[in-house]
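Chemist: Need coordinates for the below:
(one chain, ligands or ions: 1)
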Amino acid sequence: MTKKEQSKKRKRPKKNQKPTKSDGQSIPSGKGVSDNDAGSAKRRKLQEPSKASSFLEKMRARLSGGHFRKINEKLYTCTGKEALNYFQEDKSLFDLYHAGYRMQMSKWPEQPVNVIINWLKKQSPSLVVADFGCGDALIAQSVKNTVFSLDLVSNDPKVIACDMANAPLVSSSVDVAVFCLSLMGTNYPSYLAEAYRVLKPGQGLTCVFMNSGWLLIAEVKSRFDPNNGGADPEKFSKAISGLGFHSVKQDFSNKVFILFYFKKKDKQNSKGKEIEWPVLKSCVYKRR
Ligand SMILES: C[S@@+](CC[C@H](N)C(=O)[O-])C[C@H]1O[C@@H](n2cnc3c(N)ncnc32)[C@H](O)[C@@H]1O
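Modeler: Here you go, the predicted model:
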């Protein structure tokens, strides 16, 4: 290409070099700079708002991520009653927590709640279910069974707002009690005692409710890793048996979570016997 041709090419204004509006801001026409400089300046200007907005988005996500971890830590280090008061004072914290929780869950290859839903779909739809710490109440949305969904805050008329240590459910009225990643409070044994109360018995040759009395618990594996400060799953299982359950199965096949399956016994173990409950450490979600 000759010099003349080159300079002609440079002078011809390009269509996309007209002042453009982006995010409501006009791009200056670039007076005092050559056409080429003006072009690159305009390109820079066009890029800047998107860079800035993506930076802001990242900052916002980090801040809410930090906020999520703070709320998460609070829930693992207080009692259910304290958690109820905490969310009652500011319900938006519950929404913030769940937005963060959903984001964390989206990274898990398999979600424990789906394993439980699939298990329930294989049982009779006549079984009455209590979902303790239901979150978004996915179980109730996915199965035909009657499901009592309990959580600290209710954003849905079908969710019962309560501290699950005091579930507003009738004794011996439920066939399946589910705790999916919800044994968060430091008083978690009282949640399990409440599940025992509301469950129908599930064992014994003379029992007519042979398919009732199920207690299903899904928990993060790291909480049950004794080599890393976690509880011994056998001690946990023994403590629940002490409440009056039989251990039916423990499923360690998933990388991230464990599933415990128990059935309520006909008769409660002798009352007054001290149960040794292991401390369940907090589940800490990693920074993105
Ligand atoms: C980690 S989320 C799991 C939600 C749902 N089960 C799932 O698997 O998607 C734990 C839930 O338990 C609830 N929770 C914790 N302690 C509770 C309590 N004492 N009473 C009722 N709900 C509680 C939290 O509010 C939260 O919604």
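Chemist: Rounded mean pLDDT for stretch 224-237, please.
Modeler: Throughout stretch 224-237, pLDDT has a mean value of 95.
Chemist: can you check stretch 268-281 too?
Modeler: Stretch 268-281 comes out at a mean pLDDT of 82.
Chemist: ditto for stretch 98-117
Modeler: Mean per-residue pLDDT for stretch 98-117: 94.
Chemist: so how far is the first residue of it from its last?
Modeler: By Cα to Cα, to the nearest Å, the extent of stretch 98-117 from end to end equals 20 Å.
Chemist: if we look at it, which residues are touching it?
Modeler: 64-65, 67-69, 71-72, 135-136, 138-139, 142-143, 178, 180-181, 216, 218, 254-257, 259, 285 (Cβ atoms under 8 Å, 6 or more residues apart in numbering). From N, CA and C alone the C-beta is placed, and that goes for glycine too.
Chemist: Only the buried members of these: can you turn that into a PyMOL selection?
Modeler: Here is the PyMOL command that selects only those of these that count as buried (16 or more other Cβ atoms under 10 Å):
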select buried, resi 65+68+69+71+72+135+136+138+139+142+143+178+180+181+216+218+254+257+259+285
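Chemist: Take the contacts of stretch 98-117 and keep only those in strands.
Modeler: Among these, the members falling in strands (DSSP state E) are 178, 180, 216, 218, 257, 259.
Chemist: any weak-confidence spans in the stretch 51-200 of the chain?
Modeler: Applying pLDDT under 70 to the stretch 51-200 of the chain picks out residues 51-64.
Chemist: dump the residue contacts of the residue nearest to residue 189 when sequence neighbours are not counted.
Modeler: Of all residues not flanking residue 189 in the chain, residue 277 sits nearest, at 4.7 Å (Cβ to Cβ, 6 or more residues apart in numbering). Taking Cβ under 8 Å, 6+ apart, we find residue 277 in contact with 188-189, 236, 239.
Chemist: Around the ligand, pick out the residues from the stretch 101-250 of the chain.
Modeler: Residues of the stretch 101-250 of the chain lying near the ligand by Cβ under 6 Å from any ligand atom: 101, 113, 133-135, 138, 150-152, 163-165, 180-182, 184-185.
Chemist: The residues you listed, buried ones only, as a PyMOL selection?
Modeler: Per 16+ other Cβ under 10 Å, the buried members of those correspond to this PyMOL selection:
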select buried, resi 101+113+133+134+135+138+150+151+152+163+164+165+180+181+182+184+185
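Chemist: Please verify my assumption that residue 91 contacts residue 153.
Modeler: Yes. Applying Cβ atoms under 8 Å, one finds residue 91 in contact with residue 153, separated by 5.7 Å.
Chemist: Those two - which one has more neighbours?
Modeler: residue 153 (19 against 14; other Cβ atoms under 10 Å).
Chemist: any idea which element the nearest residue to that one once chain neighbours are set aside lies in?
Modeler: Closest residue to residue 153 apart from its sequence neighbours, by Cβ to Cβ, 6+ apart: residue 94 at 4.1 Å. In this structure, residue 94 sits in helix 92-105 according to DSSP states H and E.
Chemist: Distance check, the most centrally placed residue in the chain against residue 151.
Modeler: Central residue of the chain (Cα atoms, centre = their mean): residue 101, 4.0 Å from the mean position. Distance, residue 101 to residue 151, using Cβ to Cβ, to the nearest Å: 12 Å.
Chemist: again, but for residue 127
Modeler: 21 Å.
Chemist: Helix, strand, or coil at the residue nearest to residue 189?
Modeler: Following DSSP: H, G, I helix; E, B strand; the rest coil, the label given to residue 277 is coil.
Chemist: what does residue 130 give?
Modeler: Going by three-state DSSP: residue 130 is strand.
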